[in-house]
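Have a look; sequence and predicted model below, questions after that.
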Amino acid sequence: MAHAAAAASGARRAHARSAGSIARNVKNKALTELKIEKLQKELQAKEQERSRFAKENPIQFLAGLGLHGSSAAEARQLCLQVLGHEEEYGCTYYQIACTLRAGQGSSEDRLWNCKRRLCELREDLLEVIVESMGGDYDTHFSATPFALRGGLPGTTARLAKWFETLATCINQDILQQHVCAIVLNFLQAPVLGDDTPVAFTPPSRSQQRLKPDSAPTDLHTSITPR
């Protein structure tokens, strides 16, 4: 009798602990979802504010990034590198590492990553640049043409060369300032104060292992050039 009662009591305590654990997990999950939702709203608000700033005040926008300084020595130099691509739920996102190298009087480089689909790169970036440059586009980009439609093999290599030329055009003041602002906004450049630390998302392990001839191994997580 005593043994059965002790066993029943132990079972009730175990059930209570299990129920308490489940309740805590549910609560923690709800709190996590609320935090994620809050962060997403904050990020969306920052994105909207940056886009508005770049559109309405392109010169100030670029100045906030350290571009087009009062002298060539003071101006930061933009470096754009295409690392590869990442498959997410059936869509291909190309990973772009962006660097604003410090000029004279600048304390440190500014680094960040962004990812964009090929259709976004074509419609929201290429077409804007072609329209703004007119006949000068072929003069500067004929040796580094944009990627072909369809994400064919060699797309990453073509994008890499194209973005190198784009960075050169920005650094040499070939593009109009409002177009430079459109480009940097599209690339999600962090517009920060001089004393604000710059957040940088380093390449993932799969990016660090990137090889020119590698191929995707997982639909949702692989990063590889093509």
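Alright, I've got the coordinates.

Give me the secondary structure label for Val191.
coil (DSSP: H, G, I helix; E, B strand; the rest coil).

how near is it to Cys114?
Distance of Val191 to Cys114, given as CB to CB, to the nearest Å: 14 Å. Any C-beta I mention is one placed from the backbone N, CA and C, and that applies to glycine too.

Compare the two (neighbour count), which wins?
Neighbours of Val191 and Cys114, each counted by other CB atoms under 10 Å, are more numerous for Val191; the result is 18 against 15.

what about the more buried one, distance to Arg110?
Val191 is 10 Å from Arg110, by CB to CB.

just the helices in the chain please.
Under the criterion DSSP state H, the chain carries helices at the ranges 2-56, 58-65, 118-120, 127-133, 136-141, 155-171, 177-186, 205-208.

returning to what we had before: so what sits against both of Val191 and Arg110?
When contacts are counted by CB atoms under 8 Å, 6 or more residues apart in numbering, Val191 and Arg110 have Leu65 as shared neighbours.

Number of residues surrounding Leu118?
21.

roughly how far apart are it and Ala97?
Counting by CB to CB, the gap from Leu118 to Ala97 is 17 Å.

how about low-confidence regions in this protein?
Residue ranges of the chain with pLDDT under 70: 1-21, 23-24, 27, 69-73, 104-107, 192-226.

if we go to 80?
1-31, 33-48, 68-74, 103-107, 191-226 (pLDDT under 80).

ok, Asn25 to Lys115 distance?
Taking CB to CB, one finds Asn25 at 32 Å from Lys115.

So these two - more neighbours on which side?
In this view Asn25 and Lys115 are compared by other CB under 10 Å, and Lys115 has more residues nearby, 16 against 10.

what's across from the more buried one in the sheet?
Lys115 forms beta bridges with Gln95, as assigned by DSSP bridges.

Next one: it from Asp124, what distance?
Counting by CB to CB - Lys115 and Asp124 are separated by 14 Å.
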